[in-house]
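S.K.: need the 3D shape of this:
(2 chains)
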Amino acid sequence: MNHSDSILQHVFRSRPAPASVVLPLYLEYPAPRPALIHLPGINPSTVLFSLVHSNLLFLSPSSRDIEPLFVLEFLHRVIDVLEEFVGAPLLASKIQGGYDVIAQLLGEMCDAGSVSNSEPNALRDDVDTSGWVGKLLGGVGMPG
Amino acid sequence: MSDLRYPMGGTKVDKTYRWSQLKSRSITRETREGQLPVFQKWSSTIRLYFRKTSINVRTMVSNAIEALYIFDSNQFVATIIERQGLY
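M.R.: Numbering: from 1, shown residues only, chains lettered A, B, ... in the order given. All right, here's what the predicted structure looks like:
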């Protein structure tokens, strides 16, 4: 496995710079890295938003004008929602084991680039977690 | 004076913005021109004059979140240690 392989990639709109391109550019910056990095070498010119949480690195590229705090707040909300649905602390293995639910969550949270629903309680009504919850409960020896 | 007007090219008024609209917009300029917008302000309104037509008024968009990538930071640490020959 390549060390630069992402554990999750989700495209919301257009054709963003791929993870394999933005990650090396991000790592070129010496730590501590800023939450907002301009990548002029990519066509179209891209702004890369980043957030580190529980040893997980969240990157979100955008090639259009956008309010930076809007994207960073969205990343925080994604983390909150993921912790709510797959459990805190967030681990790579939990994300990899819950792809089906996380794909639904991200699709509900951001539709074609627009943030729509970021409230965990509201998301519970829209996301089908039955199979995943059943698997989780079965794994810890509880009746599903 | 309730409107914001910016004459493009010095004479022609292309568009009028209200102050409340202006606050939601980003005003950018091409730095290679080295031209600064000239600001004039009256109470709650603001008037901008631009010296060159190269100044763009771009609207912030809310549908610009293009992708989300998640990486395991532990893997980067492993990579760095490998490169330094510490393994």
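S.K.: which secondary structure elements does the strand or helix carrying residue B:69 contact?
M.R.: Per DSSP states H and E: residue B:69 is located in strand B:67-72. Secondary-structure packing of strand B:67-72 (3 or more CB pairs under 8 Å, 6 or more residues apart in numbering or on different chains; DSSP states H and E): strand A:8-11, helix A:19-28, strand A:56-62. Where C-beta positions appear, they are placed from N, C-alpha and C, glycine not excepted.
S.K.: where does chain A dip in pLDDT?
M.R.: A:1-4, A:131-144 (pLDDT under 70).
S.K.: give me whichever of the helices and strands packed on strand B:67-72 is most buried.
M.R.: strand A:56-62 (a mean of 24; mean count of other CB atoms under 10 Å in any protein chain shown).
S.K.: so how far is it off the chain centroid?
M.R.: How far strand A:56-62 lies from its chain's middle: 7 Å, per CA atoms, centre = their mean, to the nearest Å.
S.K.: partner strands of it and their direction?
M.R.: Strand pairing for strand A:56-62, determined by DSSP bridges: strand A:46-53 (antiparallel), strand B:67-72 (antiparallel).
S.K.: now those strands in CSV, with distance to residue A:76 and mean neighbour count?
M.R.: Below are the strands paired with strand A:56-62 laid out as CSV (distance: least, CB to CB, whole Å; neighbours: other CB atoms under 10 Å in any protein chain shown):
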stretch, distance to residue A:76, mean neighbour count
strand A:46-53, 7, 20
strand B:67-72, 12, 24
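S.K.: okay if I get these as a markdown table plus distance to residue A:96?
M.R.: Formatted as a markdown table, these follow (distance: least, CB to CB, whole Å):
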| stretch | distance to residue A:96 |
| --- | --- |
| strand A:46-53 | 16 |
| strand B:67-72 | 9 |
